[in-house]
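1. Quick check, what structure comes out for this input:
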Amino acid sequence: MRVLLVEDEPKTAHFLAKGLTEAGYAVDVALDGLDGRHFIEEADYDLIILDVMLPGLDGWQLLKLVRQRGDTPVLFLTARDSVEDRVKGLERGADDYLVKPFAFIELLARVRTLLRRGPPRELEHYRVADLELDVMRRRVTRGGQRLVLTNKEFALLHLLVSRRGEVLSRTFIASHVWNLNFDSDTNMVDVAVRRLRAKLDDPFFPKLIHTVRGIGYQLEASDE
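-> Down below sits the predicted model:
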């Protein structure tokens, strides 16, 4: 299980990260809201632990970003213990709320409870315009025609379709399709997208894969 911890107090962040790691979780740590946003945009997490009061972007802003992207469980950590603050957090989409100071054993119990709920089941079938993707059968058709894709092409298309409308950076694509950190000296992602486009877009209309200059790629139906 992968956990993101966004906490601006270094000693607290180190203590919590150490404890969670020893409990068997892979932990990324952000010490301010801007770094937190970077992690949220570039990776997928099973759980996000957010301090409310953060420099750069506060916990409320990060929570909004998380909810725009999906249903990842969020546990708020805060020194603000008023009922109004707790209600505000829960109403805005937080899954749990832990007031400082707290015992680590209580945090760990809350983490385990949230993770037991599990992520929503992934869709098995996607449709965008005349494109259909069957995940279980690994079958792709466009305009009723069967498309023969390599394993990496299928993985790339599945990622783009499952995040339809989102602009995905090359780093994000490389980490999810090839499970590695993107080397800016290579054009691996661009080459893979070009090959996928040759099969998916060149013979058909509307075009589905769009380049967002300076950022990455987006899959969306367009009449342009």
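2. So for the protein, which residue is the most central one in space?
-> In the chain, the centroid-proximal residue (C-alpha atoms, centre = their mean) is D44; its distance is 3.6 Å.
3. low pLDDT regions in the chain?
-> Confidence mapping of the chain against pLDDT under 70 gives the ranges 80-90, 118-123, 179-186, 223-224.
4. which residues touch the residue nearest to the centre of the chain?
-> Contact partners of D44, counting by C-beta atoms under 8 Å, 6 or more residues apart in numbering, are R2, T72, H176. To be clear about C-beta, it is placed using only N, CA and C from the backbone, and glycine gets the same treatment.
5. Look up how far R92 lies from the residue lying closest to the last one once chain neighbours are set aside.
-> Read it as H176. Distance criterion C-beta to C-beta, 6 or more residues apart in numbering; nearest residue to H176, sequence neighbours excluded, is L159 at 5.4 Å. According to C-beta to C-beta, to the nearest Å, L159 stands 28 Å off from R92.
6. So for these two, which residue has more residues nearby?
-> A count of neighbours by other C-beta atoms under 10 Å puts L159 above the other of L159 and R92, at 17 against 14.
7. tell me the phi and psi of the more buried one?
-> The phi/psi pair for L159 (degrees, to the nearest 10) reads phi -60, psi -50.
8. Check I215 too.
-> Here the main-chain torsion angles of I215 (degrees, to the nearest 10) amount to phi -120, psi -60.
9. Correct me if wrong: it contacts T171.
-> No: with contact defined as C-beta atoms under 8 Å, I215 does not count as touching T171 (10.3 Å).
10. Between the two, tell me which one has more neighbours.
-> Set I215 next to T171 and count neighbours by other C-beta under 10 Å: T171 wins out with 17 against 11.
11. Which secondary structure state does that one sit in?
-> Recorded secondary structure, T171: helix (DSSP: H, G, I helix; E, B strand; the rest coil).
12. Strands of the chain, start to end?
-> Using DSSP state E, the strands of the chain run over 2-6, 26-30, 47-51, 74-78, 96-99, 125-128, 131-134, 139-142, 145-147, 168-169, 209-212, 216-219.
13. just those: most buried one?
-> strand 47-51 (a mean of 26; mean count of other C-beta atoms under 10 Å).
14. Check which helices and strands that one sits against.
-> strand 2-6, helix 59-69, strand 74-78, helix 104-116 (3 or more C-beta pairs under 8 Å, 6 or more residues apart in numbering; DSSP states H and E).
15. What are the buried residues along the longest one?
-> Within helix 104-116, the residues that qualify as buried are L107, L108, R110, V111, L114, counting by 16 or more other C-beta atoms under 10 Å.
16. same deal with stretch 159-176?
-> Neighbour-count burial for stretch 159-176, with 16+ other C-beta under 10 Å as criterion, is recorded at 159-161, 163, 166-176.
17. Can you say which two of these are spatially most distant?
-> Every pair in the buried residues of stretch 159-176 was compared (C-beta to C-beta); the two farthest apart turn out to be V161 and T171, at 19.4 Å.
18. What about G56, how many residues nearby?
-> The tally of other residues near G56 (other C-beta under 10 Å) stands at 15.
19. With that, I have no additional questions.
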